[in-house]
Every structure is written in structure tokens, then in C-alpha cells.
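build me a model:
(one chain, ligands or ions: 1)
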Amino acid sequence: MALTDEQRERYSRTLALRDFGEKEMVSVLRTTVSVVGAGGLGSPALRFLVAMGFGKVRIIDRDIVELSNIQRQTVYNTSDIGRPKAEAAASNLALMNPDVEFEPITVSIDMNNAQDLLKGSDIILDGLDTVQSRRAVNFASVRLKIPYVFAGAIEYYANITTFLPGQTGCLQCLMGDVQDNPENTCQRVGVSPTLLPMAASVEVQEAVLIAVSRHPRLAGRLMAIDMNDLAFDFFDIGRVEDCPVCSAPTKRTAEKHDSPSVTMLCSGSFNISPAGPTAIDTSAVARRAKRKYKAVERPGFVRIETDVGAQITIMQSGNAIVKGVSTASQALHLYQEMLNGF
Ligand SMILES: [Zn+2]
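Next comes the predicted model:
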């Protein structure tokens, strides 16, 4: 594979770097990256990946664009509010670099689907905001032997490291059985808009090193950024001898659930994820809902507003976002009402 004249021009400033030539560029063009979570970290990471010319970019996100996202989620425009993030990100980024092939997927990643969603990727890049979904990604990374560039950011602090299955420990080795802390969400403590692209740059730099078969600098090391003090620290991290995930990956099987799962998002909305692969006829849902409520149908999703101020967006994948309710059971009730009739 040789570069076209247009590619030589487009990537000329990368190709001019002293340790980066056409061979490396071709490797990047042939690399598939899955970005899980297209929010604060995922947005700048996607912009860098696409600008740099990664060949195929899979965007996995369960959420829809909200006004409060745009302060830091730089891949969206105000006109995208209400659209599924994966779709909006792919269509906006395609304008930037038509070389790149996009695979937007609007689902909530979990233990049931992570391996299917990530299969075929060369690199997994973290843009998630819960430990629970990261555990599913970590499990799939170990099982599928795909490098996982981990990053987490909240308030002024970010941590980044790269897990190489078979060579380094995994997320379970690093975090043990730590659970999500509901007190520590970005809605409550905030997140610095300048911290995110910095952490995302480091993630993408690690992805480039993996793509060109060089050793990622953060394999076995954790980088900690404190944006408030502008301090950067590095810690060696090891492997846990009897880690239940990476020492004996065959011992543990995926946890299955047989009813839809509900998660509260950082925005205060609820995400509903179906129990298994689902295909919803959103036109039929819209027609039924219109008898009672206000419904707007768009390609791939339907948004319904109820008379009590709740709003539900249901995607063809069965994934849904519910706003304006206060409990998970209210969200689930609304979801089931919309799918099963009133
Ligand atoms: Zn491990």
C-alpha cells in the first residue's frame, strides 16, 4: 500500500517528523481503533485519531447529545442536541477526514456484549465514565488480546495507562474490586475542559505507538495529571499474581442479565440497556406514542415527551435515554410502556 498524493499532502506534517515515515503512516491507516465512550475524553480523542488518519474508527456510546455536554465534548455542535452521540460524532468527523471509515454503534457496553462489540479492533481507547463499563472492556481486552489504553478524568485529575494483554497487568490488577462512587460524578464535582484533551492526547499517542509496533510508554506505568497544579506524576504498576481476570481468564465467564439494566448517567439521565441484542421498530413506537404523547421520529431513533415532563429517546438497538424522571424504576417503567403499549 502506497500513499496517494493527497495523503502525502494531508499527513505531510506527520511524515516530516524525524521518526515517522510512510511505513508508519501506512500502519496507522491500516489500524482499527474502538473508542468506547464519546464524551469528554472520547471527543478530543476521536478528533485526534481521525485527523491523524487511523483507518477505521468504531465509536461505541449509549448516550444522546445534551446542551451541558458541549462545554467539553468538542466533537458536537449545538445543532446535534438530541442526536445519539455515536451517530453525530461519526457524521461530524467524516467532514474532517473522508479517508476514515466509521462504525457508530449506539449501545451500552457491558459484560454481555463487550467481546462482540470490540472484536476486530487493534486498539481499544477508553472514553468511559463508569468502573462497571470499564470492567466489561477490560474483560474483553484480556479475552480478545487487544491492547486497552485506559484513561479516567474527573474534576482536575486524570489517570492514564496502557494494558497490554499477556505483557502487563490489567484494569482489575490496578483497581481491584473498587466500585463506582455515586458522590464522585462530573455533574457534582465538575470536569476541567482543558484536562480532557490533554489526557486524550496521551491516549492517542499511546495508540500511535501501538499502531506502529513500538512499545507504548505507559505500559506498566500510570500517568497522573493534576491540571490545577499542572503536575505530572508517573507510578510503576504491576500485575496481581492471582488476578481473576488476567491470570486465569478462562475461570471467569461473562455475567449475564435477562432483563433490561438501568444506569444513572453523569448528566442525571438514565440509560436503559436491553438484556440482549434487540431491533426496535422505532417508527411503530412513534406511531403508537403519538396517540398519547408528543413524538419526534428521526433515522435510527425516536424521542417521546410525556405529559408529565419526562423525555425518552429510544434507539433501534433498544438502548434508551430517559430524562426528567427521578428514579431508575420510573425510567424502566416508561421504557416498558413505550415498547409494550399503554
Ligand atoms: Zn489483571
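
quick one: contacts for the residue nearest to Ile225 when sequence neighbours are not counted?
Leaving aside its chain neighbours, Ile225 sits nearest to Ala158 (4.4 Å; criterion: Cβ to Cβ, 6 or more residues apart in numbering). Where C-beta positions appear, they are placed from N, C-alpha and C, glycine not excepted. Contacts for Ala158 (Cβ atoms under 8 Å, 6 or more residues apart in numbering) come out as 151-152, 195-196, 198-199, 224-225, 227.

pretty sure Ala158 is in a strand, no?
Yes - counting by DSSP: H, G, I helix; E, B strand; the rest coil, Ala158 falls inside a strand.

ok, now how distant is it from Glu103?
27 Å (Cβ to Cβ, to the nearest Å).

also Asp229?
From Asp229 to Glu103 the distance is 39 Å (Cβ to Cβ).

the two: which has the busier surroundings?
More crowded of Asp229 and Glu103, by other Cβ atoms under 10 Å: Glu103, with 16 against 8.

what distance do you get for Ala89 to the ion?
30 Å (Cβ to the ion, to the nearest Å).

and the host helix or strand of that residue, what's its mean pLDDT?
Element membership for Ala89 (DSSP states H and E) is helix 85-96. The pLDDT scores in helix 85-96 average 98.

C-alpha coordinates for it, PDB please?
Provided in PDB are the C-alpha atoms of helix 85-96 (Å, rounded to 0.1, in the frame of the first residue of the first chain):
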ATOM      1  CA  LYS A  85     -23.700  10.700  20.200                       C
ATOM      2  CA  ALA A  86     -22.100   7.900  18.100                       C
ATOM      3  CA  GLU A  87     -24.000   8.900  15.000                       C
ATOM      4  CA  ALA A  88     -23.400  12.700  15.500                       C
ATOM      5  CA  ALA A  89     -19.700  12.100  16.100                       C
ATOM      6  CA  ALA A  90     -19.300  10.000  13.000                       C
ATOM      7  CA  SER A  91     -21.100  12.400  10.700                       C
ATOM      8  CA  ASN A  92     -19.200  15.400  12.100                       C
ATOM      9  CA  LEU A  93     -15.800  13.700  11.900                       C
ATOM     10  CA  ALA A  94     -16.400  12.400   8.400                       C
ATOM     11  CA  LEU A  95     -16.400  16.000   7.300                       C
ATOM     12  CA  MET A  96     -12.900  16.400   8.700                       C
END
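
any buried residues in the helix or strand following that helix, and which?
Scanning forward in sequence from helix 85-96 by DSSP H and E, the next helix or strand is strand 101-105. Neighbour counts over strand 101-105 (16 or more other Cβ atoms under 10 Å) mark 102-105 as buried.

report the angle between strand 101-105 and helix 85-96.
Using axes from the mean of the first three to the mean of the last three Cα atoms, to 10 degrees, the inter-axis angle of strand 101-105 relative to helix 85-96 is 170 degrees.

ok, residues contacting strand 101-105?
55-61, 84, 86-87, 89-90, 93-94, 117, 317.

same question for stretch 162-175.
Outside stretch 162-175, the residues that reach it (Cβ under 8 Å, 6+ apart) are 131, 134-135, 137-138, 141-142, 144-150, 161, 206, 210, 216, 218-220, 222, 237-240, 243-246.

check contacts around Phe54.
Taking Cβ under 8 Å, 6+ apart as the test, what Phe54 contacts is 28-29, 31-33, 100, 207, 211.

helices and strands of this protein: which one has the lowest mean pLDDT?
Ranked by mean pLDDT, DSSP states H and E, the weakest helix or strand in the chain is helix 186-189, scoring a mean of 73.

so which residues on this structure come close to the ion?
Neighbours of the ion within the chain, by Cβ under 5 Å from the ion: 169-170, 172-173, 243, 245-246.

can you list which of those are found in strands?
Using DSSP state E, no member of these falls in strands.

can you pick out the most distant pair from those?
For the residues of the chain next to the ion, the maximum inter-member distance is 9.4 Å, found between Gly169 and Val245 (Cβ to Cβ).

now do the SS call for Met111.
Per three-state DSSP, Met111 ends up coil.

change the start of the numbering to 38 and stick with it
OK, 38 is where the count begins now, so the last one is Met148.

now for it, how many residues are close by?
Using other Cβ under 10 Å: Met148 sits among 19 other residues.

if we can go back for a sec, now the contacts of Ala195 as a markdown table including pLDDT and secondary structure?
Output for these, formatted as a markdown table (pLDDT from 0 to 100; DSSP: H, G, I helix; E, B strand; the rest coil):
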| residue | pLDDT | secondary structure |
| --- | --- | --- |
| Ala188 | 97 | strand |
| Gly189 | 94 | strand |
| Leu232 | 96 | helix |
| Leu233 | 96 | helix |
| Met235 | 97 | helix |
| Ala236 | 97 | helix |
| Ala261 | 95 | strand |
| Ile262 | 96 | strand |
| Met264 | 95 | coil |
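
just checking, Tyr48 touches Gly90?
Yes - with contact defined as Cβ atoms under 8 Å, Tyr48 counts as touching Gly90 (5.8 Å).
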